[in-house]
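model this:
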Amino acid sequence: MAALSARLFRRRALALATGLLAGVQPTLVLVSSDLQTEPLFLVLLLSAGYLLLAATDRPSSNLAVLAGACLALAALTRSSALALTPLLAAPLFDSRHPRRANAHIAFSALLGFGAALAPWTLRNAVVFRELILVNDGAGYVFYGRNSEAALDLAKARDRAEIDRAVARLETARLEVIAALPEADRASPGRLSRALTRAALAERRADPRGTARLLAWKTWDWLRPYPDPRYWPRQVVLAAGAWFSALFLLAGLGFARAERSGASAFCLAFLAVAMLLHVVLEANWRYRTANWDPVVLLYAAFGAATLVAPRTDREAGAA
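Next comes the predicted model:
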């Protein structure tokens, strides 16, 4: 985080402050203290972002290859990173360098991504005899948050109701799987696609419920406070105030950032991450691993512009 801040905003004190802030950010501390995939995913994702930025600033195919490889490893950690692959082509839009150089950087990043991902995809092809890039979990997750049974999760008012809704959802999913032909159950890819089709069929049959699910998942991603069904009132209020301030400062940071291309890239990243998780499954833990680093980077910069605005002379020197 500190290295990214230094490269994005070219302020040493701000970079150090950003690193310190990231080290005590409650959500980052929380996910890093749990045995989940997010800590490794965060390291790989931030590494990919830093290396791609460095490769674009001073055209380097080697750094671009490493950036693509880090994103592939992030996708092997959490397959949601597959949706970020098109962002490796961002160097194509850099107006500072010739198009040929930009194309070489983008191609190198995509090459690194493919080379790092290929061994696992080939392993899946050998074992399952079908194309599975990373895993077969997309359909399983999609059904879990888009089936008719998922509406009970949106309506649940407390932890007990959530537990009952989860149990009903798991029962419904198992019933759908049990009703599939043996050939579909034996194939990871066909099973995933069958669960996706089942969820879509349920959503087409209930347009009003579909709108409610989308609204619930969108708010579940955007709300500045943690789920009050899980957390004490004091935590909800404190976290709500903290994240409301971070969002406001990040908005200011985006508005005042000098590197418009990098800002556009970060906004595109935020949009892709949110869209993907609203379609699949949106919750705070996933938002922490995708949004919090970018929000912190630009919130720290936004705060810095209020405390110590950069002078024209400093801007020119940078």
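
Can you say which helix or strand has the closest residue to Asn283 other than its chain neighbours in it?
Excluding the flanking residues, the one nearest Asn283 by CB to CB, 6 or more residues apart in numbering is Asp220, at 6.1 Å. Glycine gets a C-beta too; all of them are placed from N, C-alpha and C. Taking DSSP states H and E as the definition, Asp220 sits inside helix 207-222.

For that helix, name the packing helices and strands.
Here helix 207-222 touches helix 137-146, helix 151-155, helix 188-204, helix 260-279, going by 3 or more CB pairs under 8 Å, 6 or more residues apart in numbering; DSSP states H and E.

Quick check: buried residues in the longest one?
In this case it means helix 260-279. 261-263, 265-266, 269-270, 272-274, 276-279 (16 or more other CB atoms under 10 Å).

Helix 207-222 and that helix, what's the angle between them?
130 degrees (axes from the mean of the first three to the mean of the last three CA atoms, to 10 degrees).

Repeat that for the first one.
Here helix 137-146 runs at 110 degrees with respect to helix 207-222, directions being taken by the same axes, to 10 degrees.

picking that back up, quick one, which of the helices and strands packed on helix 207-222 is nearest to Thr56?
Counting by CB to CB, Thr56 lies closest to helix 260-279 out of those; the figure is 8.6 Å.

for the record, mean pLDDT for whichever helix or strand comes after that closest one?
Counting by DSSP H and E, the next helix or strand C-terminal to helix 260-279 is helix 284-290. If you average the pLDDT over helix 284-290, you get 93.

sorry, back to before: among the helices and strands packed on helix 207-222, which is nearest Ala211?
The stretch from the helices and strands packed on helix 207-222 with the least distance to Ala211 (CB to CB) is helix 188-204; that distance is 9.9 Å.

and this structure, what are its domains?
1-35+231-307, 36-131, 136-222 (automatic domain parsing).

before we move on, back to that, now the helices and strands packed on helix 207-222 in TSV, please, with extra columns for mean pLDDT and distance to Leu111.
Listed next are these as TSV, based on pLDDT from 0 to 100; distance: least, CB to CB, whole Å:
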stretch	mean pLDDT	distance to Leu111
helix 137-146	92	25
helix 151-155	91	41
helix 188-204	94	26
helix 260-279	96	20
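
Just send these back as a markdown table, with distance to Gln234 too.
Converted to a markdown table, the helices and strands packed on helix 207-222 look like this (distance: least, CB to CB, whole Å):
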| stretch | distance to Gln234 |
| --- | --- |
| helix 137-146 | 29 |
| helix 151-155 | 25 |
| helix 188-204 | 37 |
| helix 260-279 | 27 |
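
which stretch among these comes nearest Asn124?
Nearest of the helices and strands packed on helix 207-222 (CB to CB): helix 188-204, 8.1 Å.

hmm, who's touching that closest one?
Residues outside helix 188-204 that contact it (CB atoms under 8 Å, 6 or more residues apart in numbering): 128, 130-132, 135-140, 142-143, 146-148, 173, 176-177, 180, 183-185, 209-210, 213.

Which among these count as buried?
132, 136, 138-140, 142-143, 146-148, 173, 176-177, 180, 184, 209-210, 213.

For stretch 53-67, buried residues please.
Result for stretch 53-67 [16+ other CB under 10 Å]: buried residues 53-57, 59-61, 63-67.
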